[in-house]
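K.L.:
just coords:
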């Protein structure tokens with residue numbers, strides 16, 4: 001299991017990695033996780049392995065279901081041009 005601070009900003013890539021790590025730590029296969037989430041099995045694969053695809057909500061649901069963390073976001077930063 002990954003050690004995390006109480007509050008930290010993470011990238012989409014890190015979110016995907018955390019979703020996979022916490023699912024595995026919970027002893028769930030992708031098939032079991034898909035049943036838990038009420039979705040099809042390939043969606044779990046894509047949420048974990050393709051951070052560039054828009055599976056933010058599923059990653060958040062997985063992390064919240066299989067860890068002690070609550071995911072808040074997304075966050076965007078605006079910089080002056």
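P.N.:
Received the coordinates, thanks. As the structure is a prediction and not an experimental result, all values here were calculated from the model. Residues are numbered from 1 along each chain as shown.
K.L.:
was I right about residue 70 contacting residue 64?
P.N.:
Yes. Here residue 70 lies in contact with residue 64, judged by CB atoms under 8 Å, at a distance of 5.9 Å. Bear in mind the C-beta positions are built from the backbone N, C-alpha and C, glycine included.
K.L.:
Of the two, give the one with the bigger neighbour count.
P.N.:
residue 64 (14 against 8; other CB atoms under 10 Å).
K.L.:
name the element the spatially most central residue of the chain belongs to?
P.N.:
Centroid check for the chain by CA atoms, centre = their mean gives residue 59 as the closest residue, at 2.8 Å. In this structure, residue 59 sits in helix 56-66 according to DSSP states H and E.
K.L.:
Show me which residues of that helix are buried.
P.N.:
Neighbour-count burial for helix 56-66 flags 56, 58, 59, 60, 61, 62, 63, 66 (criterion: 16 or more other CB atoms under 10 Å).
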